[in-house]
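1. got a sequence here, can you model it:
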Amino acid sequence: MPYKTLNNIKPRKYQRNIFETCKEKNCLVILPTGIGKTLIALMLSIYTQKKYPGSKTLFLAPTRPLAEQHLNYFKKHLPELFAELTLFTGKITAKKRKELWEYSDIIFSTPQCIQNDLRNNLYNLEDISLLIEDECHRCLKNYAYTDVAKAYYEQAKNPKVLGLTASPGVDKKIIQQIAKNLGIESIEVRTRESKDVKSYLQELKIEIIKLDFPPELKEIQIILQELCKKKIEELKNRKVLFKPATKKNILELQGNIMNRISSGDRNFNILASASVCAQAIKLQYSLELLETQTLSSLQRYMQDLFKQAEQKKSRAVQQLVKNPVFNQSYIKVIELIAKKIENPKLQKLKEIIEQEFRKDINKKIIVFSQYRETIVKICKTLNEIPDVNAETFVGQLKKGETGLSQKEQQEVLNKFRTGSTNIIVASSIGEEGLDIIEVTVVIFYEPIPSAIRSIQRRGRTARLKPGRLIILMNKNTIDESYYWSAFHKEKKMYQAIENIKKGLDNQIILNDKSKHQLNSLDNQKTLF
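-> All right, here's what the predicted structure looks like:
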């Protein structure tokens, strides 16, 4: 049993039960963030290494810091001489990677690195007895996970696959596609409420704080809504929009229109529709910033539109900024910022943080937000509070935006662990995988429509000690729509997973029956 090989850690009952399934079948393991997916991967790696001496484990993670985190976890909990552990990165030359592959037992890498090496025939996957794909909800379409999994089944002598995720998605077809791409035979799923998990976790209190949307912001909201409504009506009158005018549908429409234009369809109606559609998207985005983010983020976006128009980058933008009603909304934004009027969520967030630190000065808190401009504003506002040392935690530098390199990200997390930073204000990079220490409070500056991301965000608290999740929501805005969207998607996701799991289990039962019937026929042939 691999349990005896482990150092300084003892698997919980549900981890042992899941491991027993993974031993026998290619398994998709769905567990909330922070309750022990990596330990299951470690136990299975020990098992396959002992079952097939001289074979290798390949552990893939979507980013280098996450791959390195898994390597350090294995080092911590494996006996020193059990296996040769190696981290593959793009910084290591191809020649060196080829050498390392030969004598490594457990390799940690991003999928892109392995995909490139396989294409260049540096090595093959013949001796890999276990392929682990972390955050495997990415195993779709052309992502490198899919290519590596396909090559693995073609090359490996003893293939075994373990897929790990906190949430594989909502759509049944997408989950089925992930399972198909990974060759999954069984699904093990647990939630915080599962009987065998619940006893190990602490209470999570969820508090939704609904705020009145100020009349000053409401004025701008009405202007932008009316402008947007006119653009939507025009798209319908031009006979190109037949679905509800959701953000997803409008973006999809834009893609279809641009495909038609690139295919040579350049009639006036299509060209005009392209411009109207682009304006509708920009107005929807402006509304989202107004209703869910900060006024300063909306101001910056509008300024960028005026700059684009001045540089004549887009005809649609030029037409939009010429509109006197749009200009009126921009003037109102500037006036409100001059009067120091902001989205009410920002002030409410500051009050919550002040209350939390009055109760306990040693608290660690994560605030999640969608947009970098908002993250910077939140961080600046929170650092006005005595005893608060907040830092931004965002992805790598993008053109025209602030960002953190992977090294800088690790420095922020280290400061958070040691206590020199007590609040991190994070973008989506704080949701997935990275080893962020458990916090007392998680705050959503805004609800998000993604079930996957909502699950990952709230998984940052209430593991070893009680935690709180606070969601800020402006009434009668996109905030409310996004909250309920994620809520219903999550319910749908678990229903889809359960249906697929039943299907896989039934298929295995049918296959076993078929084998039994074939064996009976063989016995009969022998008798006669």
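
2. and the residue nearest to I455 when sequence neighbours are not counted, what pLDDT?
-> Spatially, and ignoring its direct neighbours in sequence, I455 is nearest to S167 (4.6 Å; Cβ to Cβ, 6 or more residues apart in numbering). Any C-beta I mention is one placed from the backbone N, CA and C, and that applies to glycine too. S167 carries a pLDDT value of 86.

3. what's the spacing between the residue lying closest to S481 once chain neighbours are set aside and Y482?
-> The spatially closest residue to S481, leaving aside those adjacent along the chain, is P449, at 7.6 Å (Cβ to Cβ, 6+ apart). Separation of P449 from Y482 (Cβ to Cβ, to the nearest Å): 4 Å.

4. mind checking which of these two has more residues around it?
-> Legend: neighbour count by other Cβ atoms under 10 Å for P449 and Y482, higher for Y482 (22 against 18).

5. residue contacts, the more buried one?
-> 292, 446-449 (Cβ atoms under 8 Å, 6 or more residues apart in numbering).

6. same question, I497
-> Contacts of I497 by Cβ under 8 Å, 6+ apart are 30, 168, 175, 187, 189.

7. ok, now which ones touch the fourth one?
-> Contacts here follow Cβ under 8 Å, 6+ apart; on that basis I187 touches 27-30, 179, 497, 500-501, 504.

8. okay, the residues you listed in a markdown table with pLDDT next?
-> Converted to a markdown table, the contacts of I187 look like this (pLDDT from 0 to 100):
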| residue | pLDDT |
| --- | --- |
| C27 | 97 |
| L28 | 96 |
| V29 | 96 |
| I30 | 94 |
| A179 | 94 |
| I497 | 91 |
| I500 | 91 |
| K501 | 89 |
| L504 | 87 |
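
9. among those residues, which one sits closest to K239?
-> I500 (38.9 Å; Cβ to Cβ).

10. verify the stated contact: that closest one with A179.
-> Yes: the criterion here is Cβ atoms under 8 Å, and I500 meets it with A179 at 6.5 Å.

11. quickly find the element holding I378.
-> helix 372-382 (DSSP states H and E).

12. name the helices or strands packed onto that helix?
-> helix 295-310, helix 344-359, strand 390-393, strand 423-426 (3 or more Cβ pairs under 8 Å, 6 or more residues apart in numbering; DSSP states H and E).

13. which parts of the first one are buried?
-> Spelled out, that is helix 295-310. For helix 295-310, the neighbour count (16 or more other Cβ atoms under 10 Å) marks 295-299, 301-302, 305, 308-309 as buried.

14. hmm, back to that, what's the closest of the helices and strands packed on helix 372-382 to I9?
-> Of all the helices and strands packed on helix 372-382, strand 423-426 comes closest under Cβ to Cβ, at 26.4 Å.

15. that closest one - what's its average pLDDT?
-> Here the average pLDDT along strand 423-426 is 94.

16. what does that strand rub up against?
-> With Cβ under 8 Å, 6+ apart, strand 423-426 has contacts from 353, 364-369, 375, 378-379, 382, 388-394, 412-413, 416, 430, 436.

17. kindly format the C-alpha coordinates of it as CSV.
-> Provided in CSV are the C-alpha atoms of strand 423-426 (Å, rounded to 0.1, in the frame of the first residue of the first chain):
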residue,chain,number,x,y,z
ILE,A,423,-4.6,41.1,2.0
ILE,A,424,-4.1,40.0,-1.6
VAL,A,425,-6.4,41.5,-4.2
ALA,A,426,-6.4,38.9,-6.9
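
18. next SSE after it?
-> strand 441-444.

19. packing partners of the next helix or strand after that next one?
-> The helix or strand immediately downstream of strand 441-444 is helix 451-458, counting by DSSP H and E. In terms of contacts (3+ Cβ pairs under 8 Å, 6+ apart), helix 451-458 is packed against strand 441-444, helix 478-527.

20. pick out the shakiest of the ones you listed, pLDDT-wise.
-> helix 478-527 (a mean of 71).

21. could I get the buried residue list for the helix holding I378?
-> Counting neighbours by 16+ other Cβ under 10 Å, helix 372-382 gives 372-379, 381-382 as buried.

22. which of these sits closest to Q221?
-> For the buried residues of helix 372-382, the nearest to Q221 is T374 (17.4 Å; Cβ to Cβ).

23. mind listing what the closest one touches?
-> 293-294, 297, 445.

24. now those as CSV including distance to A156?
-> Below are the contacts of T374 laid out as CSV (distance: Cβ to Cβ, whole Å):
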residue, distance to A156
Q293, 48
T294, 51
S297, 49
Y445, 45
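
25. of those residues, which pair is most distant in space?
-> Farthest pair in these (Cβ to Cβ) is S297 and Y445. Separation: 11.2 Å.

26. so how far is E234 from I18?
-> 54 Å.

27. the two: which is more packed in?
-> I18 (28 against 18).

28. measure that one to P11 for me?
-> I18 is 9 Å from P11, by Cβ to Cβ.

29. where do the contact lists of the two overlap?
-> Common neighbours of I18 and P11 (Cβ under 8 Å, 6+ apart) are I40.

30. what number of residues lie near K364?
-> 19.

31. what does the one 3 residues further on give?
-> The local packing count at V367 equals 26, with neighbours defined by other Cβ under 10 Å.

32. and the helix or strand where it lies, which strands flank it?
-> Under the criterion of DSSP H and E, V367 resides in strand 365-368. Applying DSSP bridges, strand 365-368 is found paired with strand 423-426 (parallel), strand 441-444 (parallel).

33. need the contact partners of it.
-> By Cβ under 8 Å, 6+ apart, the list of residues contacting strand 365-368 reads 349, 353, 356, 378, 382, 390, 422-427, 430-431, 436, 439-445, 457, 460-461.

34. same check on stretch 295-314?
-> Residues contacting stretch 295-314 (Cβ under 8 Å, 6+ apart): 217, 278, 282, 285-286, 289-290, 317-318, 320-322, 329-330, 333-334, 336-337, 341-343, 371, 373-374, 377.

35. show me those residues that map onto helices.
-> Per DSSP state H, helices hold the following members of the contacts of stretch 295-314: 217, 278, 282, 285-286, 289-290, 317-318, 320-322, 329-330, 333-334, 336-337, 373-374, 377.

36. please indicate which of those residues are buried?
-> Looks like those have 217, 278, 282, 286, 289-290, 317-318, 320-321, 329-330, 333, 336, 373-374, 377 buried, using 16+ other Cβ under 10 Å.

37. neighbours of the residue nearest to I455, how many?
-> 26.

38. again with L78
-> 19.

39. out of everything not next to it in sequence, what's closest to it?
-> N7 (6.5 Å).

40. so what does that neighbour have for phi and psi?
-> phi -100, psi 130 (degrees, to the nearest 10).

41. could you give the bridge partners of the closest residue in space to F444 that isn't next to it in sequence?
-> Leaving aside its chain neighbours, F444 sits nearest to I471 (4.5 Å; criterion: Cβ to Cβ, 6+ apart). Beta-bridge pairing of I471, defined through DSSP bridges, involves I208, F444.

42. which residues of the stretch 151-300 of the chain fall in strands?
-> 161-165, 186-189, 204-211 (DSSP state E, counting those that start in this stretch).

43. ok, residues contacting the longest one?
-> So the one you mean is strand 204-211. Contacts of strand 204-211 (Cβ under 8 Å, 6+ apart): 192, 344-345, 348, 352, 458, 461-462, 466-475, 483.

44. just the buried ones from those, in PyMOL syntax?
-> Buried residues among the contacts of strand 204-211 (16+ other Cβ under 10 Å), as a PyMOL selection:
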select buried, resi 192+344+345+348+352+458+461+462+467+468+469+470+471+472+473+474+483
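
45. could you count how many residues lie near the closest residue to S194 other than its chain neighbours?
-> Spatial nearest neighbour of S194, chain neighbours left out: Y14 (7.3 Å); criterion: Cβ to Cβ, 6+ apart. Applying other Cβ under 10 Å, we find 21 residues neighbouring Y14.

46. do P53 as well
-> Neighbours around P53, by other Cβ under 10 Å: 7.
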